[in-house]
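> one predicted model, sequence on top.
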Amino acid sequence: MRQTLAVISLNLRSIPRRLGMSTATIGAVALVVAVLLGFQAIGNGFRATAERSGAEDIAIMLREGSQAELNSGLSRDQARLIEVADGVARDETDNGIISAELYVIVDGVLRGAQTEANIGLRGLEANGPSMRQGFSLVEGRMFSPGAAELIVGEGVQREFLGFELGQEIRLGTNNWTVVGIFSTGGTVFDSEVWSDLGVLQNLYQRGSSVQSVRARLTSPGGLEQLQAYVENEPRLNLDVQTEAEFFAGQSSGTAGVISSLGWPLSIVMAIGALAGAWNTLYSSVDARAREIATLRAIGFSGFSAFIGTMAEAVMLSAIGGAVGTAIAAVFFNGLSFQGLGDSFTQVVFDLSVTSDSIVTGIVLAVIVGFLGGIFPAIRAARMPILAVHRG
Amino acid sequence: MTALYTLTDLSKRYTRGRESITIFEELNMTIEQGEFIAIMGPSGSGKTTLLNLLGGIDRPSTGSVECEGVRVDKLSEGNLARWRSANVGFIFQFYNLMETLSAAQNVELPLLLTNLSPKERKRRVRTALEIVGIEDRAGHRPAQLSGGQQQRVGIARAIVADPKVLLADEPTGDLDRSTADEVLETLQLLNKEMNKTIVMVTHDPAAAGYASKELHLDKGRFVAKENA
């Protein structure tokens, strides 16, 4: 053990003699980890935003088989049936607390790229805003029923041009006035603009149809009552789930794809980093040939030479992993980003470097170090002792 | 005197491509306990190869190397490493010190293979450095030492584990005359005062003069000369 520790110490102390190559190896591993964590931060941020958006006490109903609001459709009559359904909470006048909603896509211009991107324009009923947890008007006022007025999510205002308070903006063939800025505390709704349902139906010639109905539940058990009601009502062919379930399902696909995208890229880059590590460590072994042979001549084992080189490899990679993690944490974590959501609209969210991602990054770095070190370490262990005579 | 080493019918051949090169063949030799032998000879005569075989860092093609009844040439790699750590101290022409370690840390290396306590290791390192007269340089790194001082550190490293034999390969080959004489006097002291068996390979007749016996290796044969 003592001899192994001594050899490890010798290896590590000798790193400054190969500062350039060692730094290059650290940099290559750091890049691999930073790229992986970058992709994971996008996936994590999207997932967290989507999951944060859904409440357990709000049910969302779409036409049976619809995967998203865009391909759903309900009539006004169906919405009214839900208003009197079991399990739906009632206000002081005994009306069911629901919001029938229409969701259309409009074009906006991104501030940075100056390119067009999709924005979700949602028409809601009066209960709609208060059914989003964390909803608050940050500036201005609520849109007026019957008026072509918009309130704009913070994310949209931050990332798109033309949504300043009081500004008139043309969306499609219609002019709207921005009368308020709202926040829902970083949920996907912050990436939407909202208007009065009736106005949106009228301007987009949708008659009285809507695409989804949200209902506040009486209690956690209210969902089962509502599902039973819908099941037994032949005029309703709807999928009923909590908003939390809905967004979890919506996010898992996109977030999973984004997170997974990072792996192939990182693996290709990791192979490049491996080549760098091999180069550095073979140079290390060759530069220290006489040193290694001298230790073997004194009586140190080949195994200690093997472990010493492995320790150097793993340490360089671990430093690279730590640097990559630090880069990801400093430059990616909390960075505002917009990506295409499941409704083909831009979702604005903050990137999130999670502890799980950090562990994954460090593990990847250590694996690169292990694979990068193993062959040079074998060479070190097999170093001919006669190399003691090299001048 | 009792025999420390017995070499019997020792041959060493190398193969280079299809060519077989014989370094020496059927060499027989005995090294007594407490001898200080200088091995001389022209380049390529096999001096260093012989030293490698004595130290167990190379194996003979045929024949045997026996040290106090142990067939060194038959030991496994692991046992050979243990045997070397217990019995042999190496002194190299270019000192072979670890650049990142201090003189004391370099000297301590062989003791890391023993079960000695840190305190005892420290004591022995100090003693070894005192014997070679360089205790005041214990904390210096090799780059901060002269060639002669570095070789003294190398000698201290060779003797610190109290091996039976010191094998020195051109120990003064990289030193000026006066520094070489100081180093050789130290080796002579170790031989005479501490009864260390020393086998030294050298090209330098003056260095060989410090030994009690000179062996000239040429064309695979020894010619012995006793020094006064």
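Perfect, I can see it now.
> the residue nearest to A:Leu74 when sequence neighbours are not counted - how many residues pack around it?
Nearest non-adjacent residue to A:Leu74, counting by Cβ to Cβ, 6 or more residues apart in numbering or on different chains: A:Val210, 5.3 Å away. The C-beta positions use only the backbone N, C-alpha and C, and glycine is treated the same way. Residues lying near A:Val210 (other Cβ atoms under 10 Å in any protein chain shown) number 26.
> quick check, A:Val210 in contact with A:Ala79.
Yes. Under the criterion of Cβ atoms under 8 Å, A:Val210 makes contact with A:Ala79 at 5.9 Å.
> thinking again about what came up before, OK, contacts around the residue nearest to A:Leu74?
A:73-76, A:79, A:100-102, A:197, A:201 (Cβ atoms under 8 Å, 6 or more residues apart in numbering or on different chains).
> which residues does A:Gln3 contact?
A:Gln3 touches A:300-301, A:304, B:112-113, counting by Cβ under 8 Å, 6+ apart.
> for B:Thr62, same thing?
Going by Cβ under 8 Å, 6+ apart, the list of residues near B:Thr62 reads B:9-11.
> chain A versus that one, what's the distance?
Look at B:Thr62 and chain A: by Cβ to the nearest Cβ, to the nearest Å, they are 19 Å apart.
> who's that residue bridged to?
As for beta bridges, B:Thr62 partners with B:Ser11 under DSSP bridges.
> follow-up on the earlier one: shared neighbours of A:Val210 and A:Ala79, anything?
A:Ala100.
> phi, psi for A:Asp86 please.
Here is the backbone geometry of A:Asp86 (degrees, to the nearest 10): phi -70, psi 140.
> so what's it closest to, chain neighbours aside?
Nearest to A:Asp86 is A:Gln225, by Cβ to Cβ, 6+ apart, at 4.2 Å.
> touching, the one you found and A:Ala59? I think so.
No. A:Gln225 lies out of contact with A:Ala59 (Cβ under 8 Å); the separation is 10.1 Å.
> which one's more surrounded, those two?
A:Ala59 (28 against 16).
> how about the residues of chain B by chain A?
B:48, B:52, B:55, B:57-58, B:77-78, B:81-82, B:84-86, B:90, B:92-94, B:96, B:98-101, B:109-110, B:112-113, B:157, B:169 (Cβ under 8 Å from any Cβ of the partner chain).
> contacting residues for whatever residue of chain A ends up closest to chain B?
Nearest residue of chain A to chain B (Cβ to the nearest Cβ) works out as A:Gly299 at 2.6 Å. Contacts of A:Gly299 were listed using Cβ under 8 Å, 6+ apart, and they are B:81-82, B:84-86, B:110, B:113.
> name the member of these with the most neighbours.
Of the contacts of A:Gly299, with other Cβ under 10 Å as the count, B:Pro110 tops at 29 neighbours.
> one step back: adding distance to A:Leu161, write the contacts of A:Val210 out as a markdown table.
Output for the contacts of A:Val210, formatted as a markdown table (distance: Cβ to Cβ, whole Å):
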| residue | distance to A:Leu161 |
| --- | --- |
| A:Gly73 | 32 |
| A:Leu74 | 34 |
| A:Ser75 | 37 |
| A:Arg76 | 35 |
| A:Ala79 | 35 |
| A:Ala100 | 31 |
| A:Glu101 | 26 |
| A:Leu102 | 25 |
| A:Leu197 | 26 |
| A:Gln201 | 27 |
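> mark which of those are part of strands, please.
Per DSSP state E, strands hold the following members of the contacts of A:Val210: A:100-102.
> A:Glu83: which of those residues is nearest?
A:Ala100 (8.9 Å; Cβ to Cβ).
> and the residue nearest to B:Val70 when sequence neighbours are not counted, what does it touch?
Spatial nearest neighbour of B:Val70, excluding adjacent residues (Cβ to Cβ, 6+ apart): B:Trp83 at 6.7 Å. Residues counted as contacts of B:Trp83 (Cβ under 8 Å, 6+ apart) are B:56, B:67, B:70, B:72, B:75.
> quick revisit: among the residues of chain B next to chain A, which are in strands?
Per DSSP E, the residues of chain B next to chain A map to strands at B:90, B:169.
> any idea how far A:Glu233 is from the residue nearest to A:Asp86?
Separation of A:Gln225 from A:Glu233 (Cβ to Cβ, to the nearest Å) stands at 12 Å.
> now for those two: what residues contact both?
A:Ala85.
> thinking again about what came up before, three-state assignment of the residue nearest to A:Asp86?
Following DSSP: H, G, I helix; E, B strand; the rest coil, we place A:Gln225 in the helix state.
> quick revisit: can you put the ones in strands among the contacts of A:Val210 in a markdown table and add distance to chain B?
Shown next, in a markdown table, are the ones in strands among the contacts of A:Val210 (distance: Cβ to the nearest Cβ, whole Å):
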| residue | distance to chain B |
| --- | --- |
| A:Ala100 | 75 |
| A:Glu101 | 70 |
| A:Leu102 | 73 |
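> gap between stretch A:237-251 and the chain center?
19 Å (Cα atoms, centre = their mean, to the nearest Å).
> please apply the same query to stretch A:360-376.
26 Å.
> show me what it is in contact with.
Where contact means Cβ under 8 Å, 6+ apart, the residues beyond stretch A:360-376 that reach it are A:25, A:29, A:32-33, A:36-37, A:40, A:266, A:270, A:273-274, A:276-278, A:281-282, A:284-285, A:309-310, A:312-318, A:320-322, A:324-325, A:328.
> which parts of the stretch 201-350 of chain A are strands?
Applying DSSP state E, counting those that start in this stretch to the stretch 201-350 of chain A gives strands spanning A:212-216, A:238-242, A:336-340, A:346-350.
> longest helix of chain B?
Using DSSP state H, we find that the single longest helix of chain B is helix B:177-194.
> and it, what other elements does it pack with?
strand B:36-40, helix B:118-131, helix B:147-159, strand B:165-169, strand B:197-201, helix B:205-208 (3 or more Cβ pairs under 8 Å, 6 or more residues apart in numbering or on different chains; DSSP states H and E).
> for chain A, what's the nearest residue on chain B?
Here chain B gets closest to chain A at one residue, B:Ser85, 2.6 Å apart by Cβ to the nearest Cβ.
> going by mean pLDDT, which of the strands of the stretch 201-350 of chain A comes out lowest?
Lowest mean pLDDT within the strands of the stretch 201-350 of chain A: strand A:336-340, a mean of 63.
> follow-up on the earlier one: verify the contact between the residue of chain B closest to chain A and A:Ile298 for me.
Yes. If you go by Cβ under 8 Å, B:Ser85 and A:Ile298 touch, sitting 6.4 Å apart.
> got any residues that touch both of those two?
Residues touching both B:Ser85 and A:Ile298 (Cβ under 8 Å, 6+ apart): B:110, B:113.
> how about B:Gly44, phi and psi?
Dihedral angles (degrees, to the nearest 10) for B:Gly44: phi 80, psi 0.
> excluding its backbone neighbours, what's nearest residue 41?
Just going to use chain A. In space, A:Ala41 is closest to A:Leu351, 4.0 Å off (Cβ to Cβ, 6+ apart).
> not quite, go with chain B.
B:Leu217 (3.8 Å).
> same check, this time on A:Ala293
Closest to A:Ala293 by Cβ to Cβ, 6+ apart is A:Ala387, at 3.7 Å.
> go on, B:Gly44?
Per Cβ to Cβ, 6+ apart, closest to B:Gly44 is B:Ile23, 7.9 Å.
> for the stretch 251-391 of chain A, give me the ranges with low pLDDT.
A:251-262, A:336-349, A:390-391 (pLDDT under 70).
> which bits of the stretch 201-350 of chain A sit near chain B?
A:290-291, A:294-302.
> off-centre distance for stretch B:73-80?
Centre to centre, stretch against its chain (Cα atoms, centre = their mean), the figure for stretch B:73-80 is 19 Å.
> do the same with stretch B:105-124
20 Å.
> pLDDT at the residue minimising distance to the centre of chain B, what is it?
Nearest to the geometric centre of chain B sits B:Leu167, at 1.2 Å (Cα atoms, centre = their mean). For B:Leu167, the pLDDT comes out at 95.
> try B:Ile21
85.
> does it count as helix, strand or coil?
Using three-state DSSP, the structure places B:Ile21 in strand.
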